[in-house]
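>>> Sequence first, then the predicted structure:
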Amino acid sequence: MKTSESLKGLTAALSKMHGAMPNVPKNGKSNYGPFSTLDDGLEIARKHCSENGIAIVQATRMVGDVLFLDTRISCGDEWMESEYPVIKFPARAQEIGSAVSYARRYSLFPMLGIAGDNDDDGTEANKTKIEPASKAISEDQLDELLGLITETGSDPVGFLKYMGVSNIAQIRSTDFSRAKAALLKKKEVANV
């Protein structure tokens, strides 16, 4: 995540917003249970953000053949921004639309403190051995992985699924070597 030098005003505005913002309804249905749709979240987020002077901007850009989503929230000159690898091209219009909607939700909701998925009280997480928590990868490691995703033509969504995260910035530092090795192996196979 990238941020402005100071976040004092933005965090104060977010804190004020959190005190007034209701929970987002979970009108979406999936095999994993109910979830908050992008529409549900945006309806509440726009109202409460605008009341607290917070702007939301989400825009896509291409890096090679990978579509990225940039999500920025700002208050005056202060801002927080994340980038999310959405989908590798070529792709069908329906896949692009679905991937962008998913990315918009999974990028914006955490920045605003919105819980958008069904809380399974750790049921899914407890199906596997729980490892001690480690810190997220560094910005340099993040940039290295993003570069390798682009360079190898990897499917960003598939890579995220392989790593078991919904956003590349969530990769733990203890998993960086495994992530890099998988991408380098793909690069090696492509060069044979």
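Nice, thanks for sending it over. Note that the structure is predicted; figures quoted are calculated from it, not measured.
>>> tell me the pLDDT at Lys127?
Model confidence at Lys127, expressed as pLDDT, equals 51.
>>> sorry, that was for Leu142
For Leu142, pLDDT reads 80.
>>> Just confirm it contacts Ile168, I think it does.
Yes - with contact defined as CB atoms under 8 Å, Leu142 counts as touching Ile168 (6.5 Å). (Each C-beta comes from the backbone N, C-alpha and C, glycine too.)
>>> Who has more neighbours out of the two?
Higher neighbour count among Leu142 and Ile168: Ile168, with 22 against 17, using other CB atoms under 10 Å.
>>> okay, now the closest residue to Trp79 other than its chain neighbours: neighbour count?
Closest residue to Trp79 apart from its sequence neighbours, by CB to CB, 6 or more residues apart in numbering: Ser4 at 4.9 Å. Residues lying near Ser4 (other CB under 10 Å) number 15.
>>> Got phi/psi on Ser4?
The phi/psi pair for Ser4 (degrees, to the nearest 10) reads phi -70, psi 170.
>>> ok, it - contacts?
Going by CB atoms under 8 Å, 6 or more residues apart in numbering, Ser4 touches Leu10, Asp77, Glu78, Trp79, Met80.
>>> Which residue ranges of this structure form strands?
Per DSSP state E, the chain carries strands over the ranges 2-3, 55-63, 66-75, 78-88.
>>> got a list of contacts for the second one?
Spelled out, that is strand 55-63. With contacts defined as CB under 8 Å, 6+ apart, strand 55-63 is touched by 45-46, 49, 67-75, 86, 89, 100, 104, 107-108, 146, 150.
>>> Repeat that for the longest one.
Contacts to strand 78-88, defined as CB under 8 Å, 6+ apart, come from residues 1-4, 6-10, 60, 65-74, 95-96, 99-100, 103, 106-107, 111, 146, 149, 153-157, 159-160, 167-169.
>>> Would you mind measuring from Ser166 to Lys29?
Separation of Ser166 from Lys29 (CB to CB, to the nearest Å): 19 Å.
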